[in-house]
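Trainee: Any chance you could fold what I've pasted below:
(chains A, B and C)
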Amino acid sequence: MAGRQLLALLRRDLLLETRRLQTVLSMVIFAVVAMVVVRYGWSGASTGSPGGSGSLGGPGAVGDAGPGGGTVPAAMLWVIFVFAAMLGLSRTFAHEREDECLDGLLLCPVDRVLVFCAKAITNLALLLVMQVVAIPVFGLFFLEGSAVRLLACTPVVLLADIGLASVGTLVATMVLHARSRDLVLPVVLVPLLVPVVIAATSATAAIVDRGAPLADVLGRLGFLAAYDVVFLVLAWGTYDLLMKD
Amino acid sequence: MNLEEAVWYVAAAYAVVLVALLLLFALLARRLVRLTQRVNALRETDQSTAVPDGGGVRAAVEAVPDGGANRADTAAGGEIPDPGAGAAAASAGHDVTAGDREGHDDRPPGQV
Amino acid sequence: MTPAAARSAPAGRPVSLPRALVSASFLYVWAALLLGAGVLLAFLVTPVDASGLGFTQKIFYFHAPIAETALVAFAVAFVAAVLRLIRPAAPPPGLEVAAVRLGLFFSGLVMITGMIWGRAAWGVWWAWEPRLTTFLLALLVYAAYFVVRGSIDDEQRRETVGSVYAIIAFVTVPVTFFATRYLPDGLHPVVITASEASMETSMALTFVVCTLGMFALLAAVLRSEIALAAGAEALDEVKDLLEER
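Mentor: Alright, predicted model coming up:
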C-alpha cells in the first residue's frame, strides 16, 4: 500500500520534471559552464596567459602542483556538484508553491514521509542525470589519461548523492514557508553538506589521483553511508512535523 | 619563542575571554533593564486608567513597547468598549486598580 | 524587577523572575570562584609545559574548557529540541535559543583563543586541523539556526522548524569531527598535545577546576536567560490581557 502511494507520488514528481526539462537542463548547463570557468581561470592563473601553451593551457590536470596536490580538481568537482544540486533543490517545492498545490498535497491520505521519499528520489534522479553529463566533461577538461578511473568513483558518487538529496530535501522542506527562501537555503544547506564534500573529495582524489583501489577508500565510503543513514533516519523521524499545516 | 612573547600571547588570550564574558553580562543586564522598563511602563498604564476611557486604555497600553521581534501579531482583536458599557467598565476598572494597590491579585483576570 | 512588581502581577501567571535570579546568582558565584581559582592555579601552581609549547600551553586551561562548554551548550539545545518535539510543554521556553546562542558564543571564543594559541605555538593563525575545523563548521551550522528562525513568520512553525534544525545541527558536529580525520595528509602538520593522557596532577586539577567553572557559568547564564524569557512572556500575556479590557 505504501509502495503504491510512493510510486504514485514519485510518478507525479518525475513527470513534472520531465515535462519541461527546465531544472535538469539548468543543472547540467551550470555544471559544465562552471567547469569551463574553473579550467580557464586555472590555466590563466598558472601560466600567466589564458590559453597558454598547447590546447587549453598549462597545468590543471590532476596530479599537477596546486595547493594541495591532486585534491584540488576533485574539490572543484564536488563544489560544483553542490552548487548545481542547490539549483535543483531550490525547485523542490516550486510547483507546489507556484501553482498553490501544497494544500492538495497535504490533503493526500499518505504518510508524510512518503512525500519526503518521493521528493528525495526525484532530486537524486536530477543529480544523477546531471552527473552523467558532468563527470565525463570533467574527465575531458581536467584529467588526461586517468579519466577512466572516474568510473571507479561510482560508489563514492552514489553515496554522496544520496546524502546530498536527502539532506537537501529535508532543508528544502524546512525553508518551505520561509521568507527570502533563496537566501536561506544555501546558507543553511552548505554547512550541513561539508562532511559529505570532505569525504567525497578525499575519496575521489585518492581514486583518480593515486589510482587507489576501492579497498583504500572504504573508510570514507563507510562514513558517507553512515551520514546518509543518520540523515535519512532524522528525516523519517521529523518529516511529519515539518509538513504540518 | 621567548618567554616574554609567550606571556603576551597568553595574556591576550585570557584578556579576550574576559572581555567577551563582560560583554555577555552587559548584554544580559541590558535585557534585564529593558524588561524592567516595560514592566514599569505597563504598571503606569495600569494605574493611570483609574478613570477608564475605552480609547485611552487601548492607546496607552499599545504605547508600551512591545516584546521585540518574536511577537508575530500584536493586535488584540477586541473592540473599543462602547459608552454603554462604560459604566460597568468604570466600576470594574476601579475595583481592579484598587485591588492592585492593596497587592491582592487573587481576582480572576477575566472578571470585568 | 522589584518584588512589589512581581506581587501585583495578575493572577494565574506568577512571575518567577526574583526566585530564578537568586539561584542563578548562586551559580554565578560558583563560576566566579572556580574560574578565579583556575586562573590562580594556572599561573601560580602549574609548572611550565616541558614539551615544545612552553609557556603558551597555559592558554589550554581556558581554551579546552570553553570548547567543552560550547559542546555542552549545543547538547543542551539538542535535548531541549527533542523534548519540545516529543512533549511540547516540557522544556522551558527560550532554553533552546539561549543554549544555541551561548554555544555560538563559546565556539567563537574557542576560535579566537585557538587562533592566538596557534599563532603562538605553530606560528600560523590558522590550520586545517580537526578541532578548529569542527568548531568553525559548528559555528556556521548553528549561525544558520538563527537565519532559519528569522525567516519564518509563523510562531508555531518557527519553533518547530527551529527545533528540527537544532537536532540536525547537533548531529553534524561529531560527524564532521570524524570526517576531518580523512583530510588528505600534507596540508599542515598538526600536533595538539592538549589531551595527553598523562597530565601532571596539578595540571589536571587546574583543568578540572576551569572546566567546572565554565560549566557553572553556562548553567548560570542559561538560568538567567530562561528567567528573562519567562518574564518577557509573562509581560506579553499581561499586555494582551490589558488590551482586551
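Trainee: name the helices or strands packed onto the longest helix seen in chain C?
Mentor: The longest helix of chain C (DSSP state H) is helix C:201-244. Counting contacts by 3 or more CB pairs under 8 Å, 6 or more residues apart in numbering or on different chains; DSSP states H and E, helix C:201-244 packs against helix B:3-48, helix B:54-63, helix C:17-40, helix C:60-86, helix C:95-122. The C-beta positions use only the backbone N, C-alpha and C, and glycine is treated the same way.
Trainee: Let me have these in JSON lines, extended by mean neighbour count and mean pLDDT.
Mentor: Formatted as JSON lines, the helices and strands packed on helix C:201-244 follow (neighbours: other CB atoms under 10 Å in any protein chain shown; pLDDT from 0 to 100):
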{"stretch": "helix B:3-48", "mean neighbour count": "15", "mean pLDDT": "87"}
{"stretch": "helix B:54-63", "mean neighbour count": "16", "mean pLDDT": "62"}
{"stretch": "helix C:17-40", "mean neighbour count": "17", "mean pLDDT": "77"}
{"stretch": "helix C:60-86", "mean neighbour count": "22", "mean pLDDT": "90"}
{"stretch": "helix C:95-122", "mean neighbour count": "22", "mean pLDDT": "90"}
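Trainee: could I get the ones you listed as TSV with distance to residue C:222?
Mentor: Putting the helices and strands packed on helix C:201-244 into TSV (distance: least, CB to CB, whole Å) gives the following:
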stretch	distance to residue C:222
helix B:3-48	11
helix B:54-63	32
helix C:17-40	9
helix C:60-86	7
helix C:95-122	6
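Trainee: Tell me which of the ones you listed sits nearest to chain A.
Mentor: helix C:60-86 (6.2 Å; CB to the nearest CB).
Trainee: how about the residue positioned nearest the centre of chain A, what does it touch?
Mentor: Compute the mean C-alpha point of chain A, and by CA atoms, centre = their mean the closest residue is residue A:85, 4.2 Å away. Residue A:85 makes contact with A:27, A:123, A:127, A:164-165, A:168 under the criterion CB atoms under 8 Å, 6 or more residues apart in numbering or on different chains.
Trainee: May I have the phi/psi pair for it?
Mentor: Reported as degrees, to the nearest 10, the phi and psi values for residue A:85 are phi -60, psi -40.
Trainee: Need the pLDDT of it.
Mentor: At residue A:85, the predicted lDDT confidence score is 94.
Trainee: Distance check, it against residue C:129.
Mentor: 28 Å (CB to CB, to the nearest Å).
Trainee: what does residue C:205 give?
Mentor: Applying CB to CB, the value for residue C:205 to residue C:129 is 27 Å.
Trainee: Equivalent analysis for residue B:40, please.
Mentor: In terms of CB to CB, residue B:40 sits 52 Å off from residue C:129.
Trainee: when you scan stretch A:103-111, is anything in it near chain C?
Mentor: No - against chain C, stretch A:103-111 shows no contacts by CB under 8 Å from any CB of the partner chain, the least distance being 13.5 Å.
Trainee: ok, residues contacting that stretch?
Mentor: Against stretch A:103-111 from outside (CB under 8 Å, 6+ apart): A:2, A:5, A:9, A:96, A:115, A:243, A:245.
Trainee: any idea which of those residues is closest to residue A:35?
Mentor: residue A:96 (32.1 Å; CB to CB).
Trainee: Show the end-to-end separation of stretch A:89-99, please.
Mentor: 17 Å (CA to CA, to the nearest Å).
Trainee: Any buried residues in it, and which?
Mentor: A:89-93, A:95-96 (16 or more other CB atoms under 10 Å in any protein chain shown).
Trainee: coming back round to it: closest one to residue A:119 among the helices and strands packed on helix C:201-244?
Mentor: Of all the helices and strands packed on helix C:201-244, helix C:60-86 comes closest under CB to CB, at 21.2 Å.
Trainee: Show me which residues of chain B sit near chain A.
Mentor: Checking chain B against chain A by CB under 8 Å from any CB, there are no hits.
Trainee: Just the closest of the contacts of residue A:85 to residue B:45, please.
Mentor: For the contacts of residue A:85, the closest approach to residue B:45 (CB to CB) belongs to residue A:168, at 49.8 Å.
Trainee: Contacts only, for the closest one.
Mentor: So residue A:168 contacts A:85-86, A:88-89, A:92, A:120, A:123, A:189, A:193 (CB under 8 Å, 6+ apart).
Trainee: and those as a markdown table, adding secondary structure?
Mentor: What follows is these, written out as a markdown table (DSSP: H, G, I helix; E, B strand; the rest coil):
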| residue | secondary structure |
| --- | --- |
| A:85 | helix |
| A:86 | helix |
| A:88 | helix |
| A:89 | helix |
| A:92 | coil |
| A:120 | helix |
| A:123 | helix |
| A:189 | helix |
| A:193 | helix |
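Trainee: Name the nearest of those residues relative to residue C:229.
Mentor: residue A:189 (29.1 Å).
Trainee: what's the spacing between the closest one and residue A:183?
Mentor: 12 Å.
Trainee: anything in whatever helix or strand residue A:128 lives in sitting right up against chain C?
Mentor: If you go by DSSP states H and E, residue A:128 is part of helix A:112-142. No - judged by CB under 8 Å from any CB, helix A:112-142 stays clear of chain C, getting no closer than 12.5 Å.
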